[in-house]
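Enquirer: Quick one: sequence plus predicted model below, questions after.
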Amino acid sequence: MPFIADRLSRIKPSPTIAVSTKAAELKAAGRDVIGLGAGEPDFDTPDPIKAAAKAAIDAGATKYTPVAGTMELRKAVCAKFKRDNGLEYTPEQIQVACGGKQNIYNAMMATLNPGDEVIIPAPYWVSYPDITLLAEGVPVIVDCPVEAGFKLTPDALEAAITPKTKWLILNSPSNPTGAAYSRDEMKALTDVVMKHAHVWIMSDDMYEHIVYDDFEFVTPAQVEPKLYERTLTLNGVSKAYCMTGWRVGYAAGAVDLIKAMNKVQSQSTTHTSSISQAAAVEALNGDQDFIAKNNAAFKGRRDLVVKMINEAEGLSCPTPEGAFYVYPGCAGVIGKSTPDGKVIGSDADFVTYLLEAEGIAAVHGEAFGLSPYFRISYAVSNAVLSDACTRIQRACAALK
Ligand SMILES: Cc1ncc(COP(=O)(O)O)c(C=O)c1O
C-alpha cells in the first residue's frame, strides 16, 4: 500500500513555480537565463509598508491574531471594498489568509462535496483545477478561444451549468492572458448566473489595480447587486502592492460562508503572520500613488513585448487589458524543426526549445488549459525584456 495519499495523485505541483525553479537552477549553474515565468512584480515593497511591519514588531504585535485576521486589517479591507468597488461589507464578512491562494483553498474545502462541479474558464490560473480536485470537486473546463478575447461568453457559460454546478470562477484581469471583462461583458455573465439560483461566483480580483488604457475594472457583486449574497470576492496585496512574499490575501462574502472558511483555516495555518497583517493595513490605508507609477512602467513593457513578439516568425500576440502577462499563440511554429532536427510538436516543446536554445524561461500554454500558446510574465526591466524578445525572435527565425 503506498504511503502517499491517493488524493495527491489527482494533482500536480504548480507548473509556474516549477519553471521559475528550473530557471533559477540553470542560472545558479552559470547559464545565461532570463526568467519570464514568475508571477510577481519585480518592484520592491514600498517603504511605508516595510516601515509599518518594523513598527509592528517593535510594538509587540507578535502574538496570535484572530483566525479571520486582525480587526484593524478586516476594517481596512472593508474600507477598500467601499472605496474601490462601492461594496459594503462588515468585518465578519471578511477572511484574511496566507495569500489569495489560501482563501481559494479554504472556500473550496468549505463548500465542495465529492462530485460538485466548478466551472473554470480556460486559459485559467493553474491552481483552480488542482485546488478543486484536492477538495474532491470536479473542474468543468470551458475553452475561451482567442477569437473571444480569451473570455467566457454567456452562451458557453449557460452550456456549462448543470444541476451539480456549485461555483463559477471568474478572474479578471486574468492570469495567464491579461484579458479583463468590461462592465457589459460582466453583466452578460451575471445575467446568466441570475437564472441559476444554485450557482455561486468566485471572483478572483487579484489583478484589479493592474489595468491599462483607462480600462474600467468591475467585479461581479458590483455589476449585479442581486448576486452580492452568492458572490465570494477574492483579492490581496501580493501583486498591486508588490508583497508576494508577505502572504496576505483576503475574501469577502456571506457570513456563513466566511465562517465555514474560517473553520478550515483554524485547522491549518490559523492565520497569516501578525507582522504581514500590520503591513497590509498600511498597504490598504496608506498612499496608493505608487500603483499608478508601477502601472505606467508595466504598460510600457506590455507595449514593448506585444510589438516584439508580433515581429517573431510564427507567433502572434494579442494586447491584454491588464495584469503583467501576455499569452502569445505559437501555432505558426508547430511542425517546424529546430536546428538540431527536433520537431516542435506542442507548446511544451516550444518553451523547452526557447530555454535550451536561448535561455528563455516561459510557461507552456498547456499548463493553463489552452494550447498552442505560452505565457510571458513581463515583470522585468525594459532592457531585460527587449533582450528576451530579441532572443525569442532569433529562436523563431532559426526554425525550419
Ligand atoms: C489569478 C491569481 N489568483 C490568485 C493568486 C494568488 O496570489 P497569492 O500570492 O496572494 O496567494 C495568483 C498568484 O499568482 C494569481 O495569479
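Expert: Thanks, I have it. Numbers count the residues shown, from 1 in each chain.
Enquirer: need the residues of the chain near the ligand, please.
Expert: Neighbours of the ligand within the chain, by C-beta under 6 Å from any ligand atom: 39, 99-101, 125, 171, 175, 204, 206, 236, 238, 244, 249. Where you see a C-beta, it was placed from the backbone N, CA and C, and this is true even at glycine.
Enquirer: now with 5 Å?
Expert: Gly39, Gly99, Gly100, Lys101, Trp125, Asn171, Asn175, Asp204, Met206, Gly236, Ser238, Gly249 (C-beta under 5 Å from any ligand atom).
Enquirer: Enumerate every residue touching whatever residue of the stretch 251-400 of the chain ends up closest to the ligand.
Expert: Closest residue of the stretch 251-400 of the chain to the ligand, C-beta to the nearest ligand atom: Ala323 (7.7 Å). For Ala323, the contacting residues are Pro173, Ser174, Asn175, Thr177, Gly178, Ala180, Tyr207, Ile210, Lys239, by C-beta atoms under 8 Å, 6 or more residues apart in numbering.
Enquirer: farthest pair in these?
Expert: The distance between the two most remote of the contacts of Ala323 (C-beta to C-beta) is 15.2 Å, for Thr177 and Lys239.
Enquirer: These two: which has the busier surroundings?
Expert: Thr177 (29 against 24; other C-beta atoms under 10 Å).
Enquirer: ok, which stretches of the stretch 101-250 of the chain are helices?
Expert: For the stretch 101-250 of the chain, the helices defined by DSSP state H, counting those that start in this stretch cover 127-134, 154-160, 183-194, 220-223.
Enquirer: how about the third one: buried residues?
Expert: Burial within helix 183-194, assessed by neighbour count using 16 or more other C-beta atoms under 10 Å, is assigned to Glu185, Met186, Ala188, Leu189, Thr190, Val192, Val193.
Enquirer: from the residues you listed, which single one is nearest the ligand?
Expert: With C-beta to the nearest ligand atom as the yardstick, the closest approach to the ligand among those comes from Met186, at 16.3 Å.
Enquirer: Strands along this structure, start to end?
Expert: 34-35, 94-97, 117-122, 138-143, 165-171, 200-204, 231-236, 249-252, 325-326, 360-361, 363-364, 374-377 (DSSP state E).
Enquirer: Could you point out which of those strands sits nearest Phe290?
Expert: Relative to Phe290, the nearest member of the strands of the chain by C-beta to C-beta is strand 231-236, separated by 16.8 Å.
Enquirer: Give me the contacts around that closest one.
Expert: 80-81, 85, 87, 99-100, 103-104, 107, 200-206, 208, 219-221, 248-254, 257.
Enquirer: Quick check on those residues: which are buried?
Expert: The buried subset of the contacts of strand 231-236 - by 16+ other C-beta under 10 Å - is 80-81, 85, 87, 99-100, 103-104, 107, 200-206, 208, 219-221, 248-253, 257.
Enquirer: From the chain's centroid, how far away is stretch 152-164?
Expert: Centroid separation for stretch 152-164 versus its chain: 22 Å, with C-alpha atoms, centre = their mean, to the nearest Å.
Enquirer: What pLDDT does the model give the residue in the stretch 1-150 of the chain that the ligand sits nearest to?
Expert: Nearest to the ligand, among the residues of the stretch 1-150 of the chain, is Gly99, at 2.6 Å (C-beta to the nearest ligand atom). Among the per-residue scores, Gly99 shows a pLDDT of 98.
Enquirer: my guess is it contacts Gly245, does it?
Expert: No: under the criterion of C-beta atoms under 8 Å, Gly99 is not in contact with Gly245, lying 9.6 Å apart.
Enquirer: Next up, the contacts around the residue positioned nearest the centre of the chain.
Expert: For the chain, the residue sitting closest to the mean C-alpha position, by C-alpha atoms, centre = their mean, is Asn175 at 4.4 Å. Applying C-beta under 8 Å, 6+ apart to Asn175 gives the contacts Gly39, Trp125, Met206, Tyr207, Ala323, Tyr325.
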